[in-house]
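In: sequence? don't have it. structure:
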């Protein structure tokens, strides 16, 4: 498989790292991220209701009652969506009763620091300036919603770290690493199957150009190695790998919300959903209740401006035609459309990984804008 250096030489617009990697700044922001998460945990003592629902599966399993929400129901109930949201607490409950949620919160704090490093490293490899890379790290370290859900006992911070790792390995395109990262993504969230399809498509494109298909097989093997055992277990234990939570949301909500909206009102409703339900955390907002964002005095203008900055950033990435840039743009586009048109309710923790991806593209767009202004001024 081509390395990033080989891939860059084949593109019309090469990637150029913007100076040396700011290691000391990264370390400082990573430590700040860990400290803030631990402080939030100990100061607020907040635990999200969904975390309690999920950890009950782990508690029952550790007690020998089965990996189910309600043992009295007879048949096991697959009442959680993310596998790692129950596997990590199960490990904690196995080590010591009551240690399930604390273990997930502790790992979330540490993974907050890892997310900062990965985010700034990706920004650096994308070629943005040091200032824009620091802005990415600062957002991942201190933005409230990047902290809130993970430190309230949910898997959200682990999902962000795994997604950023998946972006990161696309630069070197080591097939084994890519496959393992995709397997971890599927363990993080089942709806990352869209991301898996995007990466498979990009890898298949490279393989077709080079007429070498072994890397695609290696990626598939990595996914099967990591995610395959979970599929086998859930199919045999629950009767299906599809969680009951997904089925409940599919049948319980009218996810074709736009069908009942008058055509003349649809553009306004779509624009309203951008800061209120999907990208609100990119600006001053509070989504602590999980059902959309309460916007502050700017009424979502900051969030919309950051989203608009992602457009030229994606344009730059698409011109380069490198796998990492194409993957980042593909993720943002697919999941923005998914949340916009396929979900009536976009819960706050859904949008956190998308915000982490969007801030990378926005940094690339901001860097392009700043360079253009400076070059014209000179």
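Out: Now that the structure is in, tell me what you want to look at. Keep in mind that this is a model prediction, so the values were computed, not measured.
In: Wait, residue 275 touches residue 305, no?
Out: No: with contacts counted by Cβ atoms under 8 Å, residue 275 stays clear of residue 305, the gap being 10.2 Å. Any C-beta I mention is one placed from the backbone N, CA and C, and that applies to glycine too.
In: The helix or strand hosting residue 58 - what's its average pLDDT?
Out: Element membership of residue 58 [criterion: DSSP states H and E] is helix 49-62. Averaged across helix 49-62, the pLDDT comes to 94.
In: try stretch 114-133
Out: Stretch 114-133 carries an average pLDDT of 95.
In: still on that earlier bit, any shared contact partners between residue 275 and residue 305?
Out: residue 283 (Cβ atoms under 8 Å, 6 or more residues apart in numbering).
In: what number of residues lie near residue 289?
Out: 10 (other Cβ atoms under 10 Å).
In: one step back: contacts for the helix holding residue 58, please.
Out: Residues contacting helix 49-62 (Cβ under 8 Å, 6+ apart): 66-69, 71, 79-80, 82, 85-87, 89-90, 92-94, 97, 100-101, 104, 152-154.
In: Check the offset of it from the chain's centre.
Out: What separates the centre of helix 49-62 from the centre of its chain is 23 Å, taken as Cα atoms, centre = their mean, to the nearest Å.
In: And that helix, what's buried?
Out: 50, 51, 54, 55, 56, 57, 58, 59, 60, 61, 62 (16 or more other Cβ atoms under 10 Å).
In: Listing request: residues of the stretch 1-150 of the chain with sub-threshold pLDDT.
Out: The stretch 1-150 of the chain contains residues with pLDDT under 70 at 1-19.
In: one more time with 50
Out: Scanning the stretch 1-150 of the chain for pLDDT under 50 picks out 1-15.
In: could you pull out the helices for it?
Out: Under the criterion DSSP state H, counting those that start in this stretch, the stretch 1-150 of the chain contains helices at 4-9, 23-44, 49-62, 83-95, 100-126, 130-142, 144-148.
In: Give the buried residues for the last one.
Out: With burial defined by 16+ other Cβ under 10 Å, the residues of helix 144-148 counted as buried are 145, 146, 147, 148.
In: circling back to that earlier point, so which of the helices of the stretch 1-150 of the chain is nearest residue 366?
Out: Of all those, it is helix 130-142 that lies closest to residue 366, at 5.5 Å by Cβ to Cβ.
In: middle-most residue in the chain, spatially?
Out: Geometric centre of the chain, nearest residue: residue 353, 2.8 Å, by Cα atoms, centre = their mean.
In: Which helix or strand contains that residue?
Out: Applying DSSP H and E, one finds residue 353 within helix 351-377.
In: what packs against that helix?
Out: Packing contacts for helix 351-377, counted by 3 or more Cβ pairs under 8 Å, 6 or more residues apart in numbering; DSSP states H and E, involve helix 100-126, helix 130-142, helix 144-148, helix 156-172, helix 301-320, helix 323-341.
In: of all those helices, which lies closest to residue 377?
Out: Comparing those by Cβ to Cβ, helix 130-142 comes nearest, at 16.7 Å.
In: Need the contact partners of that closest one.
Out: Under the criterion Cβ under 8 Å, 6+ apart, residues 18-19, 22, 25-26, 29-30, 32-33, 36, 112, 115-116, 119-120, 122-124, 128, 146, 160, 356, 359-360, 363-364, 366-367, 370 lie in contact with helix 130-142.
In: what do you get if the cut-off is 7 Å, keeping everything else the same?
Out: 18-19, 22, 25-26, 29, 32-33, 36, 115-116, 119-120, 123-124, 146, 356, 359-360, 363, 366-367 (Cβ atoms under 7 Å, 6 or more residues apart in numbering).
In: List only buried entries from the residues you listed.
Out: Looking at the contacts of helix 130-142 with 16+ other Cβ under 10 Å, the buried ones turn out to be 18, 22, 25-26, 29, 32-33, 36, 115-116, 119-120, 123-124, 146, 356, 359-360, 363, 366-367.
In: Quick one: end-to-end distance for stretch 148-162.
Out: 18 Å (Cα to Cα, to the nearest Å).
In: ok now it, how far from the chain's centre?
Out: 10 Å.
In: and what of stretch 163-173?
Out: That offset, for stretch 163-173, works out to 12 Å (Cα atoms, centre = their mean).
In: repeat for stretch 266-281
Out: Per Cα atoms, centre = their mean, the centroid offset for stretch 266-281 relative to its chain is 19 Å.
In: Can you give me the end-to-end span of that stretch?
Out: Stretch 266-281 has an end-to-end distance of 23 Å (criterion: Cα to Cα).
In: Rounded mean pLDDT for that stretch, please.
Out: So the average pLDDT for stretch 266-281 ends up being 94.
In: do the same with stretch 154-166
Out: Rounded mean pLDDT across stretch 154-166 is 98.
In: which residues are in contact with that stretch?
Out: By Cβ under 7 Å, 6+ apart, stretch 154-166 touches 48, 50-51, 82, 84-85, 107-108, 111-112, 114-115, 118-119, 122, 146, 149-150, 181-182, 184-185, 188-189, 349, 352-353, 356-357.
In: what about residue 266, how many residues close to it?
Out: Other residues within reach of residue 266, judged by other Cβ under 10 Å, total 11.
In: residues contacting it?
Out: By Cβ under 7 Å, 6+ apart, the neighbours of residue 266 are residue 258.
In: Same check on residue 296?
Out: So residue 296 contacts 284, 285 (Cβ under 7 Å, 6+ apart).
In: how close does it get to residue 253?
Out: Going from residue 296 to residue 253 by Cβ to Cβ, to the nearest Å gives 28 Å.
In: got it, and residue 211?
Out: Using Cβ to Cβ, residue 211 is found at 46 Å from residue 253.
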